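Enquirer: need coordinates for the following:
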Amino acid sequence: MKKGKYLIDTYKKLNDKSFKLEDAVKFFVDNKRDKFDETIEISLNLGVDPRHADQMVRGVVSLPHGTGKKMRVAVFAKDKKAEEAHAAGADVVGAEDLAEEMQKGNLNYDRIIATPDMMGIVGRIGKVLGPKGLMPNPKLGTVTADVKVAVEAAKSGQVQYRAEKTGIVQAGVGKMSFGSEKIKDNVQSFIDTVQKARPSGAKGTFIKKISLSSTMGVSLVINT
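Expert: This is a model prediction of the structure:
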């Protein structure tokens, strides 16, 4: 694939093979595009094999400055819990009716939350939600009786992460418009959280490589 003029010109400015975090973030901000607000994404290559249960890496992190992305949140709840979800800012709240819509393919959501008593209904569409990474999970705080807290956390910029088959964890950690300091805070918070989630089965070096990239932009390796 041919590189556009922007990428060609940007790569010419790169002299180092790896960067300190603050230098990498400054590079992105100094070379940002004017036409749109790019997302900064992080990729961690971990020394794990997620096929083994004791090497799975999965969790959530509340970024100090959010992600800059408007999160669409759906909640499975009834009665008082449904009212709480609406009040907290959920985009859609329902039960059997919501499950039917999702079964038809209406899955335009970033996070799905459910109260424990709704999991019987949610379980019926697990094959639809699972491949999209939307299945509610108590370990991620998305199966909970406290829907108010869960919805507010999702809306405020809480990020879910999970190691892929190759041991790579990826996530969006902010917008270019945040500026260097806020981006750096978010990146460091994400790295620290994943580091603390090191599973018992991980041997040797846990975080092998850290890369930052911008939307349709260059990728920089961060000194670990």
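
Enquirer: what's the longest helix in the protein?
Expert: helix 180-196 (DSSP state H).

Enquirer: domain assignment for the chain?
Expert: Here the domain parsing of the chain from automatic domain parsing is 16-66+159-222, 73-156.

Enquirer: please state the offset of the shortest one from the chain centre?
Expert: Averaging C-alpha positions (Cα atoms, centre = their mean, to the nearest Å) puts domain 73-156 17 Å from its chain's average.

Enquirer: go on, the longest one?
Expert: The gap between where domain 16-66+159-222 is centred and where its chain is centred comes out at 10 Å by Cα atoms, centre = their mean.

Enquirer: what average pLDDT does it get?
Expert: Model confidence over domain 16-66+159-222, given as mean pLDDT, is 92.

Enquirer: quick check: buried residues in the longest helix of the chain?
Expert: Buried residues in helix 180-196, counted by 16 or more other Cβ atoms under 10 Å: 180, 182, 183, 184, 185, 186, 187, 189, 190, 191, 193, 194. (Glycine included, C-beta is placed from N, CA and C.)

Enquirer: how about stretch 70-90?
Expert: Neighbour counts over stretch 70-90 (16+ other Cβ under 10 Å) mark 71, 73-78, 81-82, 84-86, 88, 90 as buried.

Enquirer: by pLDDT, rank those and give me the bottom one.
Expert: Within these, pLDDT reaches its minimum at residue 71, with 93.

Enquirer: nearest residue to that residue other than its sequence neighbours?
Expert: Sequence neighbours aside, residue 110 is the residue nearest to residue 71 in space, at 4.6 Å (criterion: Cβ to Cβ, 6 or more residues apart in numbering).

Enquirer: returning to that earlier point: okay if I get the buried residues of helix 180-196 as CSV plus distance to residue 19?
Expert: What follows is the buried residues of helix 180-196, written out as CSV (distance: Cβ to Cβ, whole Å):
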residue, distance to residue 19
180, 13
182, 18
183, 13
184, 12
185, 17
186, 17
187, 12
189, 19
190, 17
191, 14
193, 21
194, 19
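
Enquirer: strands of this structure, start to end?
Expert: With strands called from DSSP state E, the chain shows them at 39-46, 58-62, 73-76, 92-94, 111-114, 158-162, 168-175, 207-214, 219-222.

Enquirer: tell me the mean pLDDT over the shortest one?
Expert: The average of the pLDDT scores along strand 92-94 is 97.

Enquirer: pull the residues that contact stretch 102-110.
Expert: Residues from elsewhere that reach stretch 102-110 (Cβ atoms under 8 Å, 6 or more residues apart in numbering): 69, 71-74, 91-92, 124-125, 128-129, 132, 134, 154.

Enquirer: check which residues of that stretch are buried.
Expert: Neighbour-count burial for stretch 102-110 flags 102, 107, 109, 110 (criterion: 16+ other Cβ under 10 Å).

Enquirer: which one of those is nearest to residue 23?
Expert: Minimum separation from residue 23 among the buried residues of stretch 102-110 (Cβ to Cβ) is found for residue 110, which lies at 31.3 Å.

Enquirer: how much space separates the closest one from residue 34?
Expert: In this view, residue 110 and residue 34 are 27 Å apart by Cβ to Cβ, to the nearest Å.
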